[in-house]
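[1] Quick one, what's the 3D model for this:
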Amino acid sequence: MESASLRVALMVDFDNIFGELAEIDRESALLFAQSPASYLSLLTRELSLDERPRRLLVQRVYMNPAGSIWFDANGVKAPRGSSLSYSDADKHYFSSFRESFVAAGFAVVDCIPVSKGLKNAADIKICVDIMAMVSNSAPIDEYVIMSGDSDLTPLIQHLRACDKSTVLATTMDATDGLSNSAERVIYVRDLVSSVEDSENAGDVGAASPFSGFGIADSAYREARRSALEAVAREILEEAIEPILLSRFGNLLREDFSELISVTNWLGFGNLKKFLFSLGVPGWTDEGHYFVKDGMQVKVEVISETTSDLPRELELQLKGIGVPLMPHRLYQALFTAMIEYIDTEVYRHSSCAVWIRDTAPLWSLDQYRGLARPSRSNINFVVRGCSNGGLSLRLAQGKSPRELGESYLKSIERNIEYTESLTPEIVSKELQKWLPDLA
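    Here you go, the predicted model:
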């Protein structure tokens, strides 16, 4: 017999999520750590498509009590090993956030580092605890796991095999294997941004930032859901050429933005899965396009690698995660960043999403057909601009070139120079790779 309520276990890998948010934005990371109660209702109730009310039977946060993170004067996370150059005022010990989680009803599980690399084995403890609950037939219907650790992929797959509902609250950098294993994916960045939007609007203390959307009204929700499905199905049935997924997504967001954001594509996690769920025959996925039988994609092919770089430099750039995108794509990216900075209230947590999904320049002739960079690549570039010494919160009126200069400074700081790879050679090669941006 089905329970009258959805019984939920929430497991939070604090170090993983806090560390990833800190890479993007200091304020978002601290909001996550200091005000867990502010987004808890979003995570466990308003974002659910299940009609039954949710009951949190288990709330656990896994934390290294000795952990800490440093931020510089611009709010940028300090790289490991450089923290000694900053004052104690910029240091945040994880143990200082313990009280806020206890106040929100969490049981705090201490995860002491078990290796020299500061690995705290939180993923293993989460696995052991969840497997114990499953083995002991604990009355849990749904497991909400807040982590971006790909080591948890087999656990989530096992939970689904045991007929347990799974929700992954994760970071934008989570692997496809981890994200696709869960039935639903919620991005922590979206949760934090929703709370920030609510606070900026003066809605502190309101039941939910989505209260005006009427998510609790099941009839309204189902009507909007049906309308979204009908519009998407009609576009697919009438299409006479391949559909660029990013453009398709922007088109649907024009009328259904809140529904898509709140439900994460009706619970399917991304646009592709949502489109396949419609059951319109003949359509297949070809990278950035949705293609029907007999159609051919005519798209400008642009290499994602830069073979002109010296091999030693290219390997180093790959090693530190630099996206080896062509100059034209970087030019588009910096131009879109400037537009976002000049027209929006700047937040690291929403910048990459806006650039990837909303920036108007992608429809311009000079960029039409250009494959958009992934959100993880955009996030890397945004962080790089900040790490180069440019405060993006104060960058109104700056040029794409100034962003490029700051970005390349951050890259050069991470290069290990050798006799054959001197600072002069690196600077010259980077300028050849990204002319007019260095």
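
[2] can you pull out the helices in the stretch 1-150 of the chain?
    For the stretch 1-150 of the chain, applying DSSP state H, counting those that start in this stretch gives helices covering 14-24, 26-34, 36-41, 98-103, 122-135.

[3] can you redo these as JSON lines with mean pLDDT, mean neighbour count and distance to residue 289?
    Quick note: C-beta positions are derived from backbone N, CA and C, even for glycine. Output for the helices of the stretch 1-150 of the chain, formatted as JSON lines (pLDDT from 0 to 100; neighbours: other Cβ atoms under 10 Å; distance: least, Cβ to Cβ, whole Å):
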{"stretch": "helix 14-24", "mean pLDDT": "86", "mean neighbour count": "23", "distance to residue 289": "29"}
{"stretch": "helix 26-34", "mean pLDDT": "83", "mean neighbour count": "21", "distance to residue 289": "33"}
{"stretch": "helix 36-41", "mean pLDDT": "77", "mean neighbour count": "19", "distance to residue 289": "35"}
{"stretch": "helix 98-103", "mean pLDDT": "90", "mean neighbour count": "15", "distance to residue 289": "44"}
{"stretch": "helix 122-135", "mean pLDDT": "93", "mean neighbour count": "17", "distance to residue 289": "36"}
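
[4] Which of these sits closest to residue 364?
    Among those, helix 14-24 comes nearest to residue 364, with 27.4 Å by Cβ to Cβ.

[5] Helix 26-34 and the closest one, what's the angle between them?
    With axes from the mean of the first three to the mean of the last three Cα atoms, to 10 degrees applied, the angle from helix 14-24 to helix 26-34 works out at 160 degrees.

[6] what residues does helix 14-24 touch?
    Helix 14-24 is contacted from outside by 28-29, 32-33, 61-64, 67, 69, 71, 77, 94, 97, 101, 111, 120, 122, 146-149, 169-171, 173, 188-189, 192, 348-349, 379, 382-383, using Cβ atoms under 8 Å, 6 or more residues apart in numbering.

[7] Give me the subset of these that lies in strands.
    Judged by DSSP state E, the contacts of helix 14-24 include 61-63, 69, 146, 169-170 as members of strands.

[8] Pass me the low-pLDDT residue ranges in the stretch 51-200 of the chain, would you?
    51-52, 73-76, 78-89, 115-119, 172-173, 190, 193-200 (pLDDT under 70).

[9] returning to that earlier point: so which of the helices of the stretch 1-150 of the chain comes closest to residue 164?
    Shortest distance between residue 164 and the helices of the stretch 1-150 of the chain, using Cβ to Cβ, is found for helix 122-135: 7.2 Å.

[10] helices or strands up against the closest one?
    Applying 3 or more Cβ pairs under 8 Å, 6 or more residues apart in numbering; DSSP states H and E, one finds that helix 122-135 makes contact with strand 6-13, helix 14-24, strand 54-63, strand 107-110, helix 153-161.
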